[in-house]
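**Q** sequence unavailable; structure follows:
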């Protein structure tokens, strides 16, 4: 029998000590500002959920479908997001300090450009993707042009076949 989860049921279960929500379907739920730190949400469905300002530090979100979710200003420090699908997720202002995004899909998502996105563990695919975007900037500064030339071959390994090669 499939459980119908609501915000109230999740909060009550968490308050009562439940931390294992692996494989559960929370898609589309309004979970703004919810606390789920140190919970296991591996393989959970959270697509299109509103997780803005949620506290999910130290949470296991490996393999979770978080596509299209609102993660603005969410606390994701030390969170395991390996293999998660974050396609179209909004990570604006999210704290990803020491999070593990290796194997995650971040296509069309908003990567936060703030201190909270430093020291994030990524795989080569994400590193190439971020480098590609940095190399696609229109900047005439000689130091930028010199640095860009040194990493251009790496950036051009972009995984998406519909993206044109940078020159």
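**A** Yep, it's here. Computed from a prediction, not measured in an experiment: that's the story for all the values here. Numbering: from 1, shown residues only.
**Q** how many neighbouring residues does residue 58 have?
**A** Applying other C-beta atoms under 10 Å, we find 17 other residues in the vicinity of residue 58. Where you see a C-beta, it was placed from the backbone N, CA and C, and this is true even at glycine.
**Q** so what touches the lowest-mean-pLDDT helix or strand in the chain?
**A** Of all the helices and strands that make up the chain, helix 124-135 has the lowest average by mean pLDDT, DSSP states H and E, namely a mean of 94. The set of residues external to helix 124-135 that reach it, using C-beta atoms under 8 Å, 6 or more residues apart in numbering, is 101-104, 106-107, 111, 122, 148, 151-152, 154-159, 163, 166.
**Q** redo that, cut-off 7 Å
**A** Contact with helix 124-135 is made by 101, 104, 106, 111, 148, 151-152, 154-155, 157-159, 166, as judged by C-beta atoms under 7 Å, 6 or more residues apart in numbering.
**Q** buried ones among those residues?
**A** 101, 104, 106, 111, 148, 155, 158 (16 or more other C-beta atoms under 10 Å).
**Q** quick one, what contacts the fourth one?
**A** Just to be clear, that refers to residue 111. By C-beta under 7 Å, 6+ apart, the contact list for residue 111 reads 91, 117, 130.
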